[in-house]
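*Asks:* My questions are about this predicted structure, shown below with the sequence.
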Amino acid sequence: MSLTKRVIAAAVCIVMAFWAVFTAKTKQPVILQEEKQSPDSLIVWYTDDSLTDYMEAACVAYNEMYGVRVLPRIQSGDEYLEHINEASILDDGMPDLYVITNDMLERAYLGGLAVKADDLVVNGNHFSQAALEAVTYRDQPVAYPFYFETSAMLYNRSYLYEMAQNQLMAESSTEPGQEEEETEEETEVDLEEGLSDEEKIERRIAEALPDTFDELLEFADTYDAPMNVETVFKWDVKDIFYNYFFVGNYIDIGGENGDDPSIIDIYNMEAITALTIYQDLNQFFSFDYEDISYDSVLEEFIEGKMVFTTATSDAIGRLEQAKKDGTFEYEYGVTLIPKLSDNLISRSMSVTNTVAVNGYTKQRDKAELFAKFLTIYKAPDLYASSGKLSACNTVTYEDPAIEAFVTEYSQSRPVPKMMATSNYWLQAEITFSNIWAGRSVSEQLKELSEQIKKQVTGMEISEDYIDVPKEQEDEIQYYDEDAEREAAQEDQEE
């Protein structure tokens, strides 16, 4: 199941299952690894099998260092928190600590399944602001940031290298008589004086990476694409995780920590303008909406059919495997998602997996020490053994592609943890779909805002309609590929 579908599925079931946190059941929790716990040992639960090697190695290292045995137990992700609650109340193989996504922390904390974390450790010395916001509830950390997922911009580096190389070749073949007056290109050459050809190419690749969507559109307008390229930019417009960066900075659900029900700011001018840009991109990068998915987009990227896309960090592992298989013949890179315009910034969504100490544990000090061990001390080993990117900001990576995801995460918008807005992501995905299809941006955001506010307050809310004057809308000059081709043909004929 994709990351976004997991987040949405978990969120939708929160309200329906809320009462189960406070009520004991006779149903036994699902324990997939049977092993008896000695009085001085700890149990840690998790649901992602890719963590198994890391967990086992960490448990062994912790035992060697502190003399405390830790039993890692992988669990089914279905009704995960309910099983933690049941095992804790029945005192039957309950976890002393467990891995959980940050959007579930309000529910866990209110049910007594999470306690205040050590703020001498959970602070800016070890974690980015996004990680701290992800685990903060009621002004205190209630879990330890473990690893994260967010989206960044993936690009075909081979295509950009070839483009820069062709530019240099064209410039070197220019005859002296053709050089009349200083142009922008000549100024560029002056800045490259003294550089080797390889250094010049690297500089031009960096220059080609768009800082804004206006620059991305300009690139698409002028790029002489290889035959294999079907579109310059394509992404999974059906999945909110890969779309949310358009409004991440302008929609506020729950305040900076995602836990304040009095802060619901969805319907505002900035969000309308941002989603107008999103809608307008449909006129530029036209592709089949119904057949698109994250997997299909990534597969097309591997086949060299596009130059840019938005992707989550799992793409790195998939591309490296494709290289080994011989199915990916290109070099790639990762950069930050461009700003929407000179005046509007982008901000990706992020999900932080955390380690929470169970409020029912009788060994809280030991559990907290192991939580710190997992998330900080052993953090440098996390990516190599699991493919997960550590939320600990003292971990560094040699791969600049990984560092791009780390930077994007540091300025991301964590998913909120309020149960009252649990279906927000599902509703937002519908809103984005309607806007992409051409419906009024203002009307769609108004409906979304009224619906979410009604859920939070229990009252009917009517927002004042925001009419966007034409002069206040960001204007994007769209490139009509067919028209451009016809114009070029006419020029040749003349």
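*Replies:* Arrived safely. Numbering: from 1, shown residues only.

*Asks:* Find me the pLDDT at Asp236, would you?
*Replies:* At Asp236, the model reports a pLDDT of 95.

*Asks:* If you count neighbours, what's buried in stretch 162-173?
*Replies:* 163-165, 167 (16 or more other CB atoms under 10 Å). Where C-beta positions appear, they are placed from N, C-alpha and C, glycine not excepted.

*Asks:* no wait, stretch 384-394
*Replies:* Here stretch 384-394 shows 385-393 as buried, counting by 16+ other CB under 10 Å.

*Asks:* Could you save the residues you listed as TSV and add columns showing secondary structure?
*Replies:* Putting these into TSV (DSSP: H, G, I helix; E, B strand; the rest coil) gives the following:
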residue	secondary structure
Ser385	helix
Ser386	helix
Gly387	coil
Lys388	coil
Leu389	strand
Ser390	strand
Ala391	coil
Cys392	strand
Asn393	coil
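
*Asks:* with the residues you listed in mind, which one is nearest to Thr335?
*Replies:* Leu389 (16.0 Å; CB to CB).

*Asks:* Could you tell me how far the closest residue to the closest one other than its chain neighbours is located from Glu218?
*Replies:* Nearest residue to Leu389, sequence neighbours excluded (CB to CB, 6 or more residues apart in numbering): Ser313, at 5.3 Å. From Ser313 across to Glu218, the span is 28 Å (CB to CB, to the nearest Å).

*Asks:* Of the two, which one has the most company?
*Replies:* Ser313 (25 against 14; other CB atoms under 10 Å).

*Asks:* Can you give the domain ranges for the chain?
*Replies:* 3-149+349-417, 152-172+187-348+477-493 (automatic domain parsing).

*Asks:* looking at these, which is closest to Ser462?
*Replies:* Of the domains of the chain, nearest to Ser462 by CB to CB is domain 152-172+187-348+477-493, at 11.1 Å.

*Asks:* Now the strand or helix carrying Asn85 - C-alpha only, PDB.
*Replies:* Per DSSP states H and E, Asn85 falls inside helix 80-90. Taking C-alpha atoms only, helix 80-90 is exported to PDB below (Å, rounded to 0.1, in the frame of the first residue of the first chain):
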ATOM      1  CA  TYR A  80      -2.400  -1.600  15.300                       C
ATOM      2  CA  LEU A  81      -3.100   0.900  18.100                       C
ATOM      3  CA  GLU A  82      -6.200  -1.100  19.200                       C
ATOM      4  CA  HIS A  83      -3.900  -4.100  19.700                       C
ATOM      5  CA  ILE A  84      -1.400  -2.100  21.700                       C
ATOM      6  CA  ASN A  85      -4.300  -0.900  23.900                       C
ATOM      7  CA  GLU A  86      -5.600  -4.400  24.400                       C
ATOM      8  CA  ALA A  87      -2.300  -5.900  25.200                       C
ATOM      9  CA  SER A  88      -1.500  -3.100  27.600                       C
ATOM     10  CA  ILE A  89      -4.700  -3.300  29.500                       C
ATOM     11  CA  LEU A  90      -4.600  -7.100  29.700                       C
END
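
*Asks:* That helix: which residues count as buried?
*Replies:* For helix 80-90, by 16+ other CB under 10 Å, it's 80-89.
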